[in-house]
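> for reference, the sequence and a predicted model appear below.
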Amino acid sequence: MTSTTETETKVETQTPAAAAKEENLPVANDAGGDAAKDGEKPAENASAPGSPTKKTGTLKNVVTAHKKDFEKDVVYLYQFVRSPTTPSLSACCLMVETWLRMSGIQYENIDHKLRYKSKRGQLPFIELNGKEIEESDTIIRELSLYFEKDIDDGLTPDQKIMTHVFCSMLNNHTGWIVRWWRYNHPQEFLDVAQLDIKRTFNSRLPNSILNFVFKIGFRKHLKDAVGYGVGRFSLEEVVESAKNDLKVLSDFLGTKDYFFGKEPRYLDLSVFSHLAQFIYVPFGGLKEWMQEECANLLAHAERVKTKYWSDWDEILSTLEMNTHLPKKEVPAESSEPKAEDEAKKAKEEEAKKAKEAKAAEKKRLAEEKKKEREEKKKKEKEEKERKKKEKEEAEKAAKEKAAAEAEAAKQAEAAKAEAAAAETPAADGAAAPAAEATKEAAEKQETAPNGSADAAAAKPEVTAE
């Protein structure tokens with residue numbers, strides 16, 4: 001798989017004259033696209049029909065045309081997908097579509113999701129009356145002949161020479177400066193162009209894989225830029241070279257509205273298509289430089305855009321391919337069924353909303369009940385914990401009281417024991433002198449006379465009392 005602008009180089013390096021203009025379609029598409037691989041001859045468009053010359057000429061239908069139900073003289077344009085910054089990131093595609101608008105030719109973009117490419121593997125290409133025409137220069141030349149639309153009619157030979165000179169510069173040098181920057185800075189290009197890479201390649205692969213393949217595809221084309229003489233220079237040198245090209249164009253335009261007067265010509269078309277790649281996908285500070293040094297080129301691009309791209313903003317916002325076509329009107333006979341369908345749809349929508357409201361109310365009530373249960377459970381848990389705590393505190397207080405009472409009883413016993421111990425030594429001390437006195441009286445009685453003995457015998461009795 002390659003990138004959108006990668007296709008601007010492969011075929012261009014084949015023939016320098018036509019090369020600098022055409023783009024080569026990505027070689028693969030993981031979503032089932034049938035773009036042929038490089039070097040392969042596509043199965044479709046295998047024939048090479050002759051190009052139309054005059055509108056009155058006979059055109060041979062091509063059986064392998066992609067658009068089977070084509071309308072006569074309607075141009076079917078195959079190009080790249082839209083971008084949020086410019087209708088096309090390819091100068092060649094933008095040039096062909098702008099020419100169709102300038103010439104007032106009826107055309108339709110085919111939103112082919114990058115599945116198709118021309119016989120030479122390029123974009124853009126067109127189909128006219130079942131016939132394929134490729135290469136932007138060839139497309140414009142052949143359509144100019146067929147529809148007799150020559151936007152350079154009336155130019156002098158010198159003016160036509162200047163057109164050829166400037167277009168050659170744009171195609172073979174200025175345009176390659178844009179490609180060189182994109183090939184060297186693929187991620188920055190993606191960011192500035194605001195590309196949705198999945199949409200661009202119509203792929204379901206992850207962005208990381210697509211980005212990796214995108215960068216690899218871009219970088220392998222650096223050799224093409226080398227072949228055109230810009231690939232070996234630094235960014236500063238390449239930007240300076242671009243400034244030289246733009247300054248020459250600015251000086252040639254001067255104060256004129258368009259390069260050759262009041263009406264746009266082919267050179268204006270080519271300049272606008274290339275300038276759009278500098279203005280709407282800017283790099284290297286060139287847009288800011290143009291505002292200072294080449295403001296007339298910016299005004300010229302805005303003038304062409306306003307004149308032929310009134311739907312520019314709509315394209316960038318919607319990325320639609322055919323905003324230029326009138327909106328299809330609903331047939332009168334189908335208006336009534338459509339109204340019925342709308343009423344039915346509105347009724348279904350109301351029923352759906354009522355069902356959703358009922359479900360929401362049911363959910364709300366369920367949530368409230370759940371919340372109430374949770375609150376109740378929480379309170380019960382808190383009450384249980386409170387009672388448990390109170391019980392533990394009561395048990396603790398009872399234990400502490402019992403312990404205090406036991407300690408008090410113990411202390412009382414100890415005090416009583418101490419008091420009893422203190423009383424016992426005092427009684428022992430009083431009995432000892434009495435015993436000693438009794439002993440002495442007995443000894444005296446044994447030694448004394450009878451009368452004395454009687455007296456002595458009577459004395460202890462008195463003492464005992």
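Received it, and whenever you're ready, just let me know what you need. Numbering: from 1, shown residues only.
> tell me the SS of Pro282?
coil (DSSP: H, G, I helix; E, B strand; the rest coil).
> now it: closest residue in space, sequence neighbours ignored.
Closest residue in space to Pro282, ignoring its immediate chain neighbours: Val192 at 6.7 Å, by Cβ to Cβ, 6 or more residues apart in numbering. C-beta here means a position set from N, CA and C on the backbone, and glycine is covered the same way.
> which stretch of helix or strand covers that neighbour?
Using DSSP states H and E, Val192 maps to helix 186-193.
> list the buried residues for that helix?
Neighbour counts over helix 186-193 (16 or more other Cβ atoms under 10 Å) mark Pro186, Phe189, Leu190, Val192, Ala193 as buried.
> that helix - contacts with which helices or strands?
helix 207-219 (3 or more Cβ pairs under 8 Å, 6 or more residues apart in numbering; DSSP states H and E).
> let me know the average pLDDT across the helix or strand hosting Ala402.
Using DSSP H and E, Ala402 sits within helix 335-447. For helix 335-447, mean pLDDT is 82.
> sorry, back to before: okay, the buried residues of helix 186-193 in TSV with distance to Glu382 and pLDDT next?
Output for the buried residues of helix 186-193, formatted as TSV (distance: Cβ to Cβ, whole Å; pLDDT from 0 to 100):
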residue	distance to Glu382	pLDDT
Pro186	64	84
Phe189	65	88
Leu190	60	88
Val192	63	91
Ala193	63	90
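> picking that back up, please report the distance of the residue nearest to Pro282 from Thr85.
Relative to Thr85, Val192 is positioned 7 Å away (Cβ to Cβ, to the nearest Å).
> okay, and the common contacts of those two?
Val281 (Cβ atoms under 8 Å, 6 or more residues apart in numbering).
> phi, psi of Pro87?
phi -60, psi -30 (degrees, to the nearest 10).
> which residues are in contact with it?
Leu94, Glu97, Trp309, Trp312, Ile315, Leu316.
> count of residues packed around Lys399?
Neighbours of Lys399 under the rule other Cβ atoms under 10 Å: 10.
> residue contacts, Lys305?
Phe272, Trp312.
> after the helix or strand it falls within, heading C-terminal, what element do we hit next?
In the assignment (DSSP H and E), Lys305 maps to helix 295-308. Next helix or strand after helix 295-308 toward the C-terminus (DSSP H and E): helix 312-318.
> residues making contact with that next one?
Residues outside helix 312-318 that contact it (Cβ under 8 Å, 6+ apart): Arg82, Ser83, Pro84, Thr85, Thr86, Pro87, Lys305, Trp309, Glu320, Thr323.
> distance between it and the chain's centre?
Remark: helix 312-318 is offset 21 Å from the chain centroid, using Cα atoms, centre = their mean, to the nearest Å.
> report the buried residues of stretch 102-109.
Residues of stretch 102-109 classed as buried by neighbour count (16+ other Cβ under 10 Å): Met102, Ser103, Ile105, Tyr107, Glu108, Asn109.
> let me know the closest of the residues you listed to Phe147.
The closest of the buried residues of stretch 102-109 to Phe147 turns out to be Ile105 (Cβ to Cβ; 5.7 Å).
> my guess is the closest one is in a helix, correct?
No. Counting by three-state DSSP, Ile105 is not part of a helix but coil.
> got the phi and psi for it?
Per degrees, to the nearest 10, the backbone of Ile105 is at phi -90, psi 140.
> how about low-confidence regions in the chain?
Residues of the chain that meet the criterion pLDDT under 70 lie in 1-64, 215, 217-232, 329-338, 425-439, 441-465.
> how's it carved up into domains?
6-331, 431-465 (automatic domain parsing).
> got the CA positions of the helix holding Val192 in CSV?
Below are the C-alpha coordinates for helix 186-193, written out as CSV (Å, rounded to 0.1, in the frame of the first residue of the first chain):
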residue,chain,number,x,y,z
PRO,A,186,5.5,11.8,6.0
GLN,A,187,4.2,12.2,9.5
GLU,A,188,4.3,16.0,9.4
PHE,A,189,2.5,15.8,6.0
LEU,A,190,-0.2,13.7,7.6
ASP,A,191,-0.6,16.1,10.4
VAL,A,192,-0.7,19.3,8.3
ALA,A,193,-3.0,17.7,5.7
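> check which element follows that helix along the chain.
The first helix or strand that comes after helix 186-193 along the chain, using DSSP H and E, is helix 197-201.
> how about the CA coordinates for that following helix, as CSV?
Coordinates of each C-alpha in helix 197-201 appear next as CSV, following Å, rounded to 0.1, in the frame of the first residue of the first chain:
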residue,chain,number,x,y,z
ILE,A,197,-5.5,7.6,7.1
LYS,A,198,-8.1,4.9,7.6
ARG,A,199,-10.6,6.8,5.5
THR,A,200,-8.0,7.6,2.9
PHE,A,201,-7.1,4.0,2.3
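> which strands and helices sit next to it?
helix 207-219.
> tell me the buried residues in stretch 308-323?
For stretch 308-323, the neighbour count (16+ other Cβ under 10 Å) marks Tyr308, Trp309, Asp311, Ile315, Leu316, Leu319, Met321, Thr323 as buried.
> quick revisit: want to try TSV for the buried residues of stretch 102-109, with distance to Ala299 as columns?
As requested, these are exported to TSV (distance: Cβ to Cβ, whole Å):
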residue	distance to Ala299
Met102	18
Ser103	24
Ile105	27
Tyr107	28
Glu108	31
Asn109	28
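> what ranges does the stretch 1-150 of the chain have for its helices?
Using DSSP state H, counting those that start in this stretch, the helices of the stretch 1-150 of the chain run over residues 16-19, 91-103, 136-147.
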